[in-house]
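Participant: this is the structure alone, sequence omitted:
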């Protein structure tokens, strides 16, 4: 870790020399005799801490603080003065000073204040870096894919992110609903505020209510102290309720009340609490059907679905599959410090035709497995598991009321040639492309197998 840098500003030589003697073993020090010299140093160097006197010949120490805090990389400022009083301290703190010390200085106290100041600076810098990474990770520009279905979703997210509207994300499991919820938050007007996720299906009904709304001490057996809920934790930010279709009737009523009044009550209390939390919900259930069965309140459904965004399954984004494979293979190779495997064209075609019932989550898991188990290898279709050969994508279900696509005539099941090709292909799949094993499995010679592969080059590996 780099040695912290401190700028000491004082017009008294004895004070400058004394502070230099006390601090030079632990810090890189720069000395300035007045505010003008300090301002020139601030323009030329980057400092972690500025320790400045208040009253000096010429400009005061407040001008040094103003300059320091106007810089892109703001140092922590500590004011010193022999004229310490409440008004001076208040003015220094109002300008942005971290702390205030009266002369003569207590060096032990000064050392403690500097250490705390450096710790504060580290926390601020780490928070900035964290938000920078979050902005990059959840930037809409960082979406992997260029299909029309994905572009439509991104357009909707851009439109809704800057508003305060409640959003309902719909889609199959593994389509990235939480990722898009975080993107809505990160691209909203409150990206620095909390993003609080709650997976409703992971909590029993008797715990979900207290988890969301909190409780007072003594509200139930085991409630030994007050606890704030996720709504209060998300105040000023975004509350993401995943699997919203799983919440029980009691919690539905309290959630409806919050959406109507923006207030709620902790368990064991009748005092309403108002919070400014934006609600984003998600489900893979068909909520209208759940409403018709009486398992979900109709009024709550309409409150939640001010804006509905449906995330497309991966089988409806075949053009994005090669891009996603490349992205996650590279990601997991970097994460594990391993060379990424290369997918041959036949493997790419096979994976693009696969139905991906687990969607993005399944594709991520495959890529991690390939990186760990086949790092640096060149993989063809016969190196992939059998499920990828048998799980071809099915056409998307037509919208309600639409006519299904016309049926096409099936190839004759009596075609000996087609059946022979099918058996040969299946044998090659089962033995991962090993010709000798495939010939043994089929009960033919390797020479016969070779002759057939020459006739059917599309089966060769």
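Facilitator: Alright, I've got the coordinates. If you're wondering where the values come from, they're calculated on a predicted model, not measured in any experiment.
Participant: can you give me the helices in the stretch 201-350 of the chain?
Facilitator: Assigned by DSSP state H, counting those that start in this stretch, the stretch 201-350 of the chain shows helices spanning 205-213, 230-233, 249-261, 287-292, 298-304, 321-336, 345-353.
Participant: compare those helices and report which one is nearest to residue 93.
Facilitator: Nearest to residue 93 among the helices of the stretch 201-350 of the chain is helix 230-233 (29.3 Å), distances taken as CB to CB. C-beta here means a position set from N, CA and C on the backbone, and glycine is covered the same way.
Participant: would you confirm that residue 88 contacts residue 53?
Facilitator: No - the criterion here is CB atoms under 8 Å, and residue 88 misses it with residue 53 at 11.6 Å.
Participant: what's the most buried one of the helices of the stretch 201-350 of the chain?
Facilitator: Counting by mean count of other CB atoms under 10 Å, helix 230-233 has the highest mean neighbour count of these, with a mean of 20.
Participant: quick revisit: now render the helices of the stretch 201-350 of the chain as TSV, adding distance to residue 161.
Facilitator: Listed next are the helices of the stretch 201-350 of the chain as TSV, based on distance: least, CB to CB, whole Å:
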stretch	distance to residue 161
helix 205-213	24
helix 230-233	21
helix 249-261	19
helix 287-292	23
helix 298-304	17
helix 321-336	23
helix 345-353	31
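Participant: low-confidence ranges in the stretch 51-200 of the chain?
Facilitator: The stretch 51-200 of the chain contains residues with pLDDT under 70 at 83-86, 89, 126-142.
Participant: what's the span of stretch 368-388 from first residue to last?
Facilitator: 16 Å (CA to CA, to the nearest Å).
Participant: what lies in contact with that stretch?
Facilitator: If you take CB atoms under 8 Å, 6 or more residues apart in numbering as the criterion, stretch 368-388 is touched by 328-329, 332-333, 336, 338-344, 346-347, 349-351, 354, 389, 428-433, 461.
Participant: now that stretch: mean pLDDT?
Facilitator: Across stretch 368-388, pLDDT averages out at 91.
Participant: pull out the buried residues from it.
Facilitator: 368, 370, 371, 374, 379, 380, 381, 382, 383, 384, 388 (16 or more other CB atoms under 10 Å).
Participant: what's the overlap in contacts for residue 88 and residue 53?
Facilitator: What both residue 88 and residue 53 touch, as defined by CB under 8 Å, 6+ apart, is the set residue 81.
Participant: residue 100 sits in which helix or strand?
Facilitator: Secondary structure assigned from DSSP states H and E places residue 100 in strand 99-102.
Participant: which helices and strands does that strand pack with?
Facilitator: strand 76-81, helix 86-95, helix 107-137 (3 or more CB pairs under 8 Å, 6 or more residues apart in numbering; DSSP states H and E).
Participant: neighbouring strands of that strand in the sheet, and parallel or not?
Facilitator: strand 76-81 (parallel) (DSSP bridges).
Participant: what angle do the strand it pairs with and helix 86-95 make?
Facilitator: 160 degrees (axes from the mean of the first three to the mean of the last three CA atoms, to 10 degrees).
Participant: please compute how far strand 76-81 lies from its chain's middle.
Facilitator: Centre-to-centre, strand 76-81 and its host chain are 38 Å apart (CA atoms, centre = their mean, to the nearest Å).
Participant: what does stretch 369-384 give?
Facilitator: On the basis of CA atoms, centre = their mean, stretch 369-384 sits 28 Å off its chain's mean C-alpha point.
Participant: what about that stretch, start to end distance?
Facilitator: End-to-end distance for stretch 369-384, by CA to CA: 11 Å.
Participant: hang on, the earlier thing: which of residue 88 and residue 53 has more neighbours?
Facilitator: Ranked by neighbour count (other CB atoms under 10 Å), residue 88 and residue 53 place residue 53 first, with 25 against 18.
Participant: quick check: closest non-adjacent residue to residue 247.
Facilitator: residue 200 (5.3 Å; CB to CB, 6 or more residues apart in numbering).
Participant: pull the number of nearby residues for that neighbour.
Facilitator: Other residues near residue 200 number 21, with proximity taken as other CB under 10 Å.
Participant: so it sits right up against residue 242, yeah?
Facilitator: Yes - contact criterion CB under 8 Å: residue 200 and residue 242 qualify, at 6.4 Å.
Participant: which outside residues touch stretch 215-228?
Facilitator: 210, 214, 229, 266, 267, 268, 269.
Participant: what does the average pLDDT come to for that stretch?
Facilitator: Here stretch 215-228 scores 86 as its mean pLDDT.
Participant: centre of the chain to that stretch, how far?
Facilitator: 32 Å.
Participant: what's the answer for stretch 431-445, then?
Facilitator: Counting by CA atoms, centre = their mean, stretch 431-445 comes out at 47 Å from the chain centroid.
Participant: measure it end to end?
Facilitator: Termini of stretch 431-445 sit 16 Å apart (CA to CA).
Participant: buried residues of that stretch, list them for me.
Facilitator: Across stretch 431-445, burial judged by 16+ other CB under 10 Å covers 431, 432, 433, 435, 438, 439, 441, 442.
Participant: closest one to residue 118 out of those residues, please.
Facilitator: Checking those against residue 118 by CB to CB gives residue 432 as the nearest, at 57.9 Å.
Participant: list of residues touching the strand holding residue 100?
Facilitator: If you take CB under 8 Å, 6+ apart as the criterion, strand 99-102 is touched by 78-82, 84, 88-89, 92-93, 109-110, 113, 116-117.
Participant: repeat for stretch 38-47
Facilitator: 5-7, 9, 30, 32, 50, 52, 63-64, 67-68, 71, 73, 75.
Participant: tell me the mean pLDDT over that stretch?
Facilitator: Mean pLDDT, computed over stretch 38-47, is 92.
Participant: buried residues in it?
Facilitator: In stretch 38-47, counting by 16+ other CB under 10 Å, buried: 38, 39, 41, 42, 47.
Participant: quick check, the third one in a helix?
Facilitator: Yes - when DSSP: H, G, I helix; E, B strand; the rest coil is applied, residue 41 is found to be in a helix.
Participant: from residue 273, how far out is it?
Facilitator: Per CB to CB, to the nearest Å, residue 41 is found 50 Å from residue 273.
Participant: circling back to that earlier point, could you list which of the contacts of stretch 38-47 belong to strands?
Facilitator: If you go by DSSP state E, these have 5, 6, 7, 9, 30, 32, 50, 52 in strands.
Participant: who wins on neighbours among those?
Facilitator: residue 50 (30 neighbours).
Participant: on that earlier part again, secondary structure and distance to residue 290 for the buried residues of stretch 368-388 - can I get that in TSV?
Facilitator: Conversion of the buried residues of stretch 368-388 to TSV gives the following (DSSP: H, G, I helix; E, B strand; the rest coil; distance: CB to CB, whole Å):
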residue	secondary structure	distance to residue 290
368	helix	34
370	helix	38
371	helix	39
374	coil	43
379	strand	42
380	coil	45
381	helix	41
382	helix	44
383	helix	42
384	coil	37
388	helix	33
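Participant: can I get those in TSV with distance to residue 315?
Facilitator: Converted to TSV, those look like this (distance: CB to CB, whole Å):
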residue	distance to residue 315
368	21
370	20
371	24
374	25
379	22
380	22
381	18
382	23
383	22
384	17
388	13
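Participant: identify the farthest-apart pair in these.
Facilitator: Spatially, the most separated pair among these is 368 and 382, at 20.9 Å (CB to CB).
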